[in-house]
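Peer 1: Everything below, folded, please.
(chains A and B)
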Number of protein chains: 2
Amino acid sequence: MKVNILGCYAATPRSFTNPSSQVLEIKNHLFLIDCGEGTQVQLRKNKIKFSKIEHIFISHLHGDHFYGLVGLVSTFRLLNREKELHIYGPKGIKEIITLQLKLSKSWTNYPLIFHELTSKEPQVIFEDLKVSVSTIPLKHRIYTNGFLFKEKTGDRKLLINEALKYNIDVTLYKSLKKGKDVISEDGELIPNALVTAPPDDPLSYAYCSDTVYDPEIVPLIKEATALYHESTFLEQQAELAFPTKHSTARQAATIARDAQVMLLILGHYSTRYPDIQLFKTEAESIFQNIILADDGKEISVK
Amino acid sequence: MKVNILGCYAATPRSFTNPSSQVLEIKNHLFLIDCGEGTQVQLRKNKIKFSKIEHIFISHLHGDHFYGLVGLVSTFRLLNREKELHIYGPKGIKEIITLQLKLSKSWTNYPLIFHELTSKEPQVIFEDLKVSVSTIPLKHRIYTNGFLFKEKTGDRKLLINEALKYNIDVTLYKSLKKGKDVISEDGELIPNALVTAPPDDPLSYAYCSDTVYDPEIVPLIKEATALYHESTFLEQQAELAFPTKHSTARQAATIARDAQVMLLILGHYSTRYPDIQLFKTEAESIFQNIILADDGKEISVK
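Peer 2: As a prediction, the model looks like this:
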């Protein structure tokens, strides 16, 4: 699993920083999370294959999280996309995008499917055999969701040399991976544990931006492999965090510590700070394993 | 008068090219013409003062000409703008922008005034003492206007040394600039022509993008100082120009020649061509004084 940070700065795009957008690579999916203005150019610069994106998750309808969406939808059309595109986001997103496509007489020639969100409870919004995506209700100035991406527990791992040693027919390998005992070619019952190993622990990635400091999310993201949590401010500007419904670096670290996640990724920095290293320094007094997001950075989650 | 080209490429933004947007500096105005995605970053990169922009002209509602508008409107809000902002564009533009501001609960705290256009006849849409802006109805796939920016004839120029020689009171200088004869301190009638020179010829700038080749615009842009005319294609791809309602470089040059403009600026290039020099070479067989627009280029119009 890896995360490509396309943009991780708050508010307006600037010459060298981009608003929120990132790509999560998980179990052969490329999930696009948020889509600020300029995201399509960031996708190009980071050499991410447009056509592999089938699901886009929009946290909320502040411009720095979705103004690049309509352009990306249009570009997919110009690239002759045929595959479905699924967009998950707050109610209203469908009207915003379709109004613009209608007025430009530029309907997509691929299926564009909106999944509008209104629930204030966590819900599963995408699921296949290998991965699920749930919402993390966040507290911000407008209706906002974070997203929890979770791998499902995979098959047991076949120990091929053991399977050969016990003379097990190839057609039974699938049963072995599913955890079943089998009968060998010699008529012996082979307990599963002799020829398989447990599957890898499933990984999970929680994206929480934008949000005020909110301990209520802790049980939802408990023991996540990685947590991306906004840290718009430092404690020095803590008085701005609550009224604007944002978090400080220290608060983000407190959530990471209390949820016992393995890795904290900080982002959504206010552009008032000259050096993002300040966010890491502040957060490290609470939580140790921290990576600073930055535009163009690729982060492995293991 | 000068034009800053922020973007002049057709269709989607790419790593190193931008969709349509330009800033015309004329008689102390900064007029923004079209506003493709990424325009606000291009304004920053080209060091153009955001606050000086009071009028934005949108030719049509294809994304490469306006997807950057909502972001710019939002950024003005974040910059605590107080001055009015006037937006001129096709009917529908108000709904597109206000819907997004409404859903993000981010109304502007400055007056945002839309001038929606529906007429298919040329009309004056802005006028003050020094400059006027009229529409140039264009033929494209959707309702589209070009814009003609015209300086008004200015005051006569005071020849200060002559005025002193004839002993004319300072309070009469304004009358002299308006072309009136005056009485000197010595009681003599001083004919205006003795102490003033004719004003500069007023300049004009015609922006025509996007449009199929359309000789009907020739009388509207007759003898313009400069014409920006789209040249999406070369003649080699002429078969694409008519169905997509775009022009070739040769067709743009034909319009420039027939309208007897002084300078032709080519732009809105399809990104299929490896070298924009090809557009100039093709157009020069018809018209001589050509400048190729390019992102970041500043063009003086005199």
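
Peer 1: CA atoms for contacts and neighbours, from now on please.
Peer 2: OK.

Peer 1: In the stretch 1-150 of chain A, where is pLDDT below threshold?
Peer 2: For the stretch 1-150 of chain A, no stretch has pLDDT under 70.

Peer 1: Pull up the residues of it that are close to chain B.
Peer 2: Residues of the stretch 1-150 of chain A found near chain B (C-alpha under 8 Å from any C-alpha of the partner chain) are A:11-15, A:37-38, A:40-42, A:44-45, A:61-63, A:67-68, A:70-71, A:74-75, A:78, A:92, A:96, A:99-100, A:103-105, A:142.

Peer 1: May I see the buried residues of stretch A:110-125?
Peer 2: For stretch A:110-125, the neighbour count (16 or more other C-alpha atoms under 10 Å in any protein chain shown) marks A:112, A:114, A:115, A:116, A:117, A:122 as buried.

Peer 1: now, the most widely separated pair of those?
Peer 2: The span of those, defined through C-alpha to C-alpha, is set by A:112 and A:122 at 24.2 Å.

Peer 1: Burial check on residue A:21, number of neighbours?
Peer 2: As a burial measure, residue A:21 scores 30 neighbours (other C-alpha atoms under 10 Å in any protein chain shown).

Peer 1: quick one: it and residue A:38 touch, right?
Peer 2: No - the criterion here is C-alpha atoms under 8 Å, and residue A:21 misses it with residue A:38 at 9.3 Å.

Peer 1: helix/strand/coil for residue A:36?
Peer 2: Three-state assignment for residue A:36 (DSSP: H, G, I helix; E, B strand; the rest coil): coil.

Peer 1: Contact partners for it?
Peer 2: With contact taken as C-alpha atoms under 8 Å, 6 or more residues apart in numbering or on different chains, residue A:36 is in contact with A:7, A:18, A:19, A:20, A:21, A:63, A:64, A:65, A:66, A:67, A:68, A:69.

Peer 1: and with 7 Å instead?
Peer 2: A:19, A:20, A:21, A:63, A:64, A:65, A:66, A:67, A:68 (C-alpha atoms under 7 Å, 6 or more residues apart in numbering or on different chains).

Peer 1: can you put these in JSON lines and add distance to residue A:172?
Peer 2: Formatted as JSON lines, those follow (distance: C-alpha to C-alpha, whole Å):
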{"residue": "A:19", "distance to residue A:172": "51"}
{"residue": "A:20", "distance to residue A:172": "47"}
{"residue": "A:21", "distance to residue A:172": "44"}
{"residue": "A:63", "distance to residue A:172": "54"}
{"residue": "A:64", "distance to residue A:172": "52"}
{"residue": "A:65", "distance to residue A:172": "49"}
{"residue": "A:66", "distance to residue A:172": "49"}
{"residue": "A:67", "distance to residue A:172": "52"}
{"residue": "A:68", "distance to residue A:172": "49"}
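
Peer 1: For chain A, just list every one of the helices.
Peer 2: Secondary structure of chain A by DSSP state H: the helices cover A:39-45, A:63-66, A:69-78, A:93-103, A:160-165, A:173-177, A:192-195, A:238-244, A:249-258, A:277-283.

Peer 1: So which of the ones you listed is the most surrounded?
Peer 2: Of all the helices of chain A, helix A:63-66 has the most neighbours on average by mean count of other C-alpha atoms under 10 Å in any protein chain shown, namely a mean of 26.

Peer 1: Identify the residues contacting it?
Peer 2: Identification of contacts with helix A:63-66 by C-alpha under 7 Å, 6+ apart yields A:10, A:11, A:12, A:19, A:20, A:34, A:35, A:36, A:37, A:58, B:71.

Peer 1: Does the first one touch residue A:267 like I think?
Peer 2: No - between residue A:10 and residue A:267 no contact is recorded; they are 8.5 Å apart, counting by C-alpha atoms under 7 Å.

Peer 1: neighbour-wise, which of the two wins?
Peer 2: Remark: of residue A:10 and residue A:267, residue A:267 carries more neighbours, 30 against 23, as counted by other C-alpha under 10 Å.

Peer 1: how much space between the more buried one and residue A:291?
Peer 2: For residue A:267, the distance to residue A:291 equals 9 Å [C-alpha to C-alpha, to the nearest Å].

Peer 1: cool, and residue A:257?
Peer 2: As for residue A:257, its distance to residue A:291 is 14 Å (criterion: C-alpha to C-alpha).

Peer 1: do residue A:242 as well
Peer 2: Residue A:242 is 24 Å from residue A:291, where distance means C-alpha to C-alpha.

Peer 1: next one: residue A:90
Peer 2: Using C-alpha to C-alpha, residue A:90 is found at 29 Å from residue A:291.

Peer 1: Kindly report the same for residue A:103.
Peer 2: Distance, residue A:103 to residue A:291, by C-alpha to C-alpha: 43 Å.

Peer 1: again with residue A:202
Peer 2: 21 Å.

Peer 1: and if you look at residue A:231?
Peer 2: Using C-alpha to C-alpha, residue A:231 is found at 12 Å from residue A:291.

Peer 1: Pull up the overlap in contacts between those two.
Peer 2: residue A:266.

Peer 1: So for residue A:300, what's the pLDDT?
Peer 2: Per-residue confidence at residue A:300 stands at 97 (pLDDT).

Peer 1: Could you report the neighbour count for it?
Peer 2: For residue A:300, the count of nearby residues is 12 (other C-alpha under 10 Å).

Peer 1: Looking at residue A:231 and residue A:291, which is more packed in?
Peer 2: Neighbour count, other C-alpha under 10 Å: between residue A:231 and residue A:291, residue A:231 has more, with 33 against 15.

Peer 1: where does that one land on pLDDT?
Peer 2: Predicted confidence (pLDDT) at residue A:231: the value is 98.

Peer 1: doesn't residue A:250 make contact with it?
Peer 2: No - judged on C-alpha under 7 Å, residue A:231 makes no contact with residue A:250 at a distance of 8.0 Å.

Peer 1: what does the domain assignment say about chain A?
Peer 2: Split into domains by automatic domain parsing, chain A comes to A:2-154+A:200-300, A:157-197.

Peer 1: Let me see the mean pLDDT of the last one.
Peer 2: Read it as domain A:157-197. On average, domain A:157-197 scores 96.

Peer 1: Pull the distance from that domain to the chain's centre.
Peer 2: In this view, domain A:157-197 has its centroid 36 Å away from the chain centroid, taken as C-alpha atoms, centre = their mean, to the nearest Å.

Peer 1: Count residues in the vicinity of the nearest residue to residue A:196 once chain neighbours are set aside, would you?
Peer 2: Counting by C-alpha to C-alpha, 6 or more residues apart in numbering or on different chains, residue A:158 is the residue found nearest to residue A:196 once chain neighbours are left out, at 4.5 Å. The tally of other residues near residue A:158 (other C-alpha under 10 Å) stands at 22.

Peer 1: Residue A:158 reaches residue A:195, doesn't it?
Peer 2: Yes - using C-alpha under 7 Å, residue A:158 is in contact with residue A:195, at 6.3 Å.

Peer 1: ok, the closest residue to residue A:127 other than its chain neighbours to residue A:117 distance?
Peer 2: Among residues not flanking residue A:127 along the chain, residue A:133 sits closest, at 6.3 Å (C-alpha to C-alpha, 6+ apart). Here the criterion is C-alpha to C-alpha. By it, residue A:133 lies 13 Å from residue A:117.

Peer 1: Residue A:103 now?
Peer 2: Distance, residue A:103 to residue A:117, by C-alpha to C-alpha: 25 Å.

Peer 1: The closest residue in space to residue A:154 that isn't next to it in sequence: what's it in contact with?
Peer 2: Among residues not flanking residue A:154 along the chain, residue A:199 sits closest, at 5.7 Å (C-alpha to C-alpha, 6+ apart). Residues counted as contacts of residue A:199 (C-alpha under 7 Å, 6+ apart) are A:153, A:154, A:155, A:156, A:157.
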